[in-house]
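Q: sharing a model that was predicted from the sequence below.
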Amino acid sequence: MISNGLKLIRMTVLAITLLAASLYANSPMTPFDIAAQNVSDVRIGDPVTVAIDLTSGSEVFGSYKFLVAYDATRLNFVNATIGNDLVACHWESFSYTLLPCSQCNTRLVEVTAVADLANGGEHPSCLSQFGQILKLNFNVTTDTLMAGSTAAVNFYWDDCSSNTLGSVLADTVWHGRFVYDQQGNNITDLDPHLGGTLHGCIIPGDIVNVRGTNIHDGSVSIRLKFGVYADCNGDGRFNIADIIYLISYVFDGGPAPRDYLHGDFDGVEGLTIADVVFLIHYMFGR
Ligand SMILES: [Ca+2]
Ligand SMILES: [Ca+2]
């Protein structure tokens, strides 16, 4: 009996040792953190870039696919470009598309980037880098009613490929793990599209699917104060110099107006002689 008891204890110790060793060997990765910026105090009508940054993670990825929903009542999409910290890596593929929408208060942009295409002739000089990996470029609306409000830029899940990072060999896909809103609150699973990886995406198979990425939503807050009406040259005052500045832009290819309406005063889209006339009346007709 004593002998059997000792044997049991030895086997238990051995089992615990093996378990501990295997856990140590497979020590979990440090999750990636992917964060969209919160950009503050942007003027009505101004361009703004919402960068997406890689801020932590113990692994290296060689592709990403992001699906981002942005507030289309406040932001007009311009384009998407590879992030500054990946430019020097010369990733071989980068593309984006604006998805069709039924109601366009929110629009979706999908961005895909791949470091090394199969059988590609050239090879990238580096893979994932900490820092800026993607830039979403917008113009803030010229609708002055939106001053003082905030536009959300949220990661969006539509299928199992949404917001994923891929390993270089394409044998591992890192999916969303926890999702945090603009204030840092954990919103995982609270909304079917904004709460992270869809159910059923983490399945065993040839490709290893891992919940390995913490996702942080971003935003653009729009400045409340407009500045000086009709201050085309942006010096903080309105005077004859602003009219000359606008004339120079409309007729002579001068620099673009810097006031919050971007020189468009007459309510008709586009900068024309009518805007100049409007401004002259505004100055001398008061
Ligand atoms: Ca001025
Ligand atoms: Ca106009």
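A: Structure received. Fair warning: this is a prediction, and the values are worked out from it, not measured in the lab. Ligands and ions are numbered 1, 2, ... in the order given.
Q: please see if the helix or strand where L246 lies touches ligand 1.
A: Taking DSSP states H and E as the definition, one finds L246 inside helix 240-252. Yes: using Cβ under 5 Å from the ion, helix 240-252 comes into contact with ligand 1 via D242. C-betas here are computed from N, CA, C, even on glycine.
Q: for that helix, what is the average pLDDT?
A: Mean pLDDT, helix 240-252: 96.
Q: now that helix: buried residues?
A: Neighbour-count burial for helix 240-252 flags D242, I243, Y245, L246, I247, Y249, V250 (criterion: 16 or more other Cβ atoms under 10 Å).
Q: not counting it itself, show me its contacts.
A: Helix 240-252 has contacts (Cβ atoms under 8 Å, 6 or more residues apart in numbering) with 230-233, 235, 254-257, 259, 263, 271-273, 275-276, 279-280, 283.
Q: filter those down to the buried ones, ChimeraX style.
A: Here is the ChimeraX command that selects only those of the contacts of helix 240-252 that count as buried (16+ other Cβ under 10 Å):
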select :230,231,232,233,257,259,263,271,275,276,279
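Q: among the contacts of helix 240-252, which are in reach of ligand 1?
A: D231, N233, D235.
Q: what about the residue in the stretch 1-150 of the chain that ligand 1 sits nearest to, how many neighbours?
A: Residue nearest to ligand 1 within the stretch 1-150 of the chain: R43 (15.0 Å; Cβ to the ion). Look at R43: counted by other Cβ atoms under 10 Å, it has 18 neighbours.
Q: for the closest residue to ligand 2 within the stretch 51-200 of the chain, which non-adjacent residue is closest in space?
A: At 11.1 Å from ligand 2, T142 is the closest residue in the stretch 51-200 of the chain, using Cβ to the ion. Spatial nearest neighbour of T142, chain neighbours left out: G45 (4.4 Å); criterion: Cβ to Cβ, 6 or more residues apart in numbering.
Q: now for F130, how many residues are close by?
A: 12.
Q: can you tell me the element the nearest residue to I82 once chain neighbours are set aside falls in?
A: Counting by Cβ to Cβ, 6+ apart, I82 lies nearest to F94, which is 5.1 Å off, once chain neighbours are set aside. Using DSSP H and E, F94 sits within strand 93-98.
Q: that strand - which strands sit beside it in the sheet, and in what orientation?
A: Strand 93-98 pairs in its sheet with strand 106-114 (antiparallel), by DSSP bridges.
Q: report the next helix or strand after the strand it pairs with in sequence order.
A: strand 131-140.
Q: point out the residues in the protein that sit beside ligand 2.
A: So far as Cβ under 5 Å from the ion goes, the chain lies against ligand 2 at D264, D266, V268, D275.
Q: write the ChimeraX selection for whichever of those are buried.
A: Selection of buried members from the residues of the chain next to ligand 2 for ChimeraX, criterion 16+ other Cβ under 10 Å:
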select :264,266,275
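Q: pLDDT of stretch 89-99, averaged?
A: Mean predicted lDDT for stretch 89-99 stands at 94.
Q: check stretch 165-175 too.
A: Rounded mean pLDDT across stretch 165-175 is 93.
Q: got it, and stretch 140-155?
A: Computed over stretch 140-155, the average pLDDT equals 92.
Q: first-to-last residue distance for that stretch?
A: Taking Cα to Cα, to the nearest Å, stretch 140-155 runs 19 Å from one end to the other.
Q: distance of I187 relative to P257?
A: For I187, the distance to P257 equals 40 Å [Cβ to Cβ, to the nearest Å].
Q: just send the residues of the chain next to ligand 2 back as a markdown table, with pLDDT and secondary structure too.
A: Below are these laid out as a markdown table (pLDDT from 0 to 100; DSSP: H, G, I helix; E, B strand; the rest coil):
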| residue | pLDDT | secondary structure |
| --- | --- | --- |
| D264 | 91 | coil |
| D266 | 90 | coil |
| V268 | 89 | coil |
| D275 | 96 | helix |
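Q: kindly state the beta-bridge partners for the closest residue to Y70 other than its chain neighbours.
A: Excluding the flanking residues, the one nearest Y70 by Cβ to Cβ, 6+ apart is V153, at 4.9 Å. With DSSP bridges as the criterion, V153 is bridged to Y70, G218.
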